[in-house]
Structures are given as structure tokens and as C-alpha cells.
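Trainee: attaching a predicted model along with its sequence, questions to come.
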Amino acid sequence: MFEYTSWNRLIVLSEKQQDFLTVTIHRHIILQTSIFKLVKNNRMEVFYIGSYDIDNMELFQQYPPKVVALLPKYGGKVLASDISATVLEGKAKTMNAIIQFPSEEAVLNMYNSPEYHEIRKIRHNSTSNCTMVIVKEYKPETRQ
């Protein structure tokens, strides 16, 4: 016999009931794990790409450390950040950055957060010609 309390009641289970409960819980755990793996595998990461010209380097230098400190809260990770990019075509801007996020929702949550709202004032006051885009991760179709 097995005893446990549920909603302030003592419940006594037979061995057969215990086995059934154990199998049910195990199946539930397997199902939850499978759903998590499916969601994780189908999740599409995104990349924020920002390019802009820095007009006031002294003021701008306050911006990157504040952004980097905020990124973990939204799952962001800096992949590249460069103020001396090599131009292949066109005209490069002073700053080019790529930040990886787990989802577009995560980027938008950070961008629209009160914390970033204050931080971006620094960028607005120290840069010009800003272009910011969100691009989705490339996942080739799987063929069988």
C-alpha cells in the first residue's frame, strides 16, 4: 500500500493503482519531454542586425555596456560588433552589430522594454543613418 495526501485528504492506493499511477506519470513526462523537444527543434532563432554611423563617440561609448548587460534577460547574445568593418560593396556605416535571439518575440520584448527605452536614447543622441532589421535563421528543408 502507498499513502499520500492530496487536497488535504489521505489517499491509500493498492499496488495495482500504484503501478497504474507510475505508468501514467511516466507517460506524461515522456509526452512533455517530446513536446518540449518538438517546440525547441521548430523554434526559429532570429538575428538583429544594426548598422549606423557614430557621430559622438564619447556619448556612444555608454551604449554598448548597457545593452550587453540587458541582453541575457531576453536570451540575446552578441555574435559580432565592429566599428571597422571591411566593405565588399556599397558604403559601410561606422557600427555594425549582429545579435542572436531565441525568437522575434524576444527581440521585440527587449526593444520595447522600459529598460531599453532609456538606453536607446543614448544611441539616438550619438548616431545617425540607423538601420535595424530582424532576420530569421536559415533552416534548409529536410529531405528524406
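Mentor: The structure has been received and is ready for your questions.
Trainee: hey, which helix or strand in this structure has the poorest pLDDT?
Mentor: Taking mean pLDDT, DSSP states H and E as the measure, strand 2-6 is the helix or strand of the chain with the lowest mean score, a mean of 48.
Trainee: quick one: contacts for residue 96?
Mentor: Residue 96 makes contacts with 49-51, 80-83, 85, as judged by Cβ atoms under 8 Å, 6 or more residues apart in numbering. Any C-beta I mention is one placed from the backbone N, CA and C, and that applies to glycine too.
Trainee: which secondary structure state does the closest residue to residue 63 other than its chain neighbours sit in?
Mentor: Closest residue to residue 63 apart from its sequence neighbours, by Cβ to Cβ, 6 or more residues apart in numbering: residue 122 at 4.5 Å. Taking DSSP: H, G, I helix; E, B strand; the rest coil as the rule, one finds residue 122 in the helix state.
Trainee: what distance do you get for residue 122 to residue 69?
Mentor: Look at residue 122 and residue 69: by Cβ to Cβ, to the nearest Å, they are 13 Å apart.
Trainee: higher neighbour count, the two?
Mentor: Neighbours around residue 122 and residue 69, counted as other Cβ atoms under 10 Å, are more numerous at residue 122. The numbers are 18 against 11.
Trainee: hang on, that one packs against residue 60?
Mentor: Yes. Using Cβ atoms under 8 Å, residue 122 is in contact with residue 60, at 7.1 Å.
Trainee: give me the domain ranges for this protein.
Mentor: Listed by automatic domain parsing, the domain ranges of the chain are 2-42, 46-136.
Trainee: ok, of those domains, where does mean pLDDT dip lowest?
Mentor: Among these, domain 2-42 has the lowest mean pLDDT, at a mean of 57.
Trainee: quick check, residue 135 in a strand?
Mentor: Yes. Per three-state DSSP, residue 135 lies within a strand segment.
Trainee: which residues pair with it across the strands?
Mentor: residue 47 (DSSP bridges).
Trainee: list the contacts of it.
Mentor: Going by Cβ under 8 Å, 6+ apart, the list of residues near residue 135 reads 46-47, 49.
Trainee: would you check which pair of the contacts of residue 96 lies furthest apart?
Mentor: Maximum pairwise distance among the contacts of residue 96 (Cβ to Cβ): 15.1 Å, between 49 and 83.
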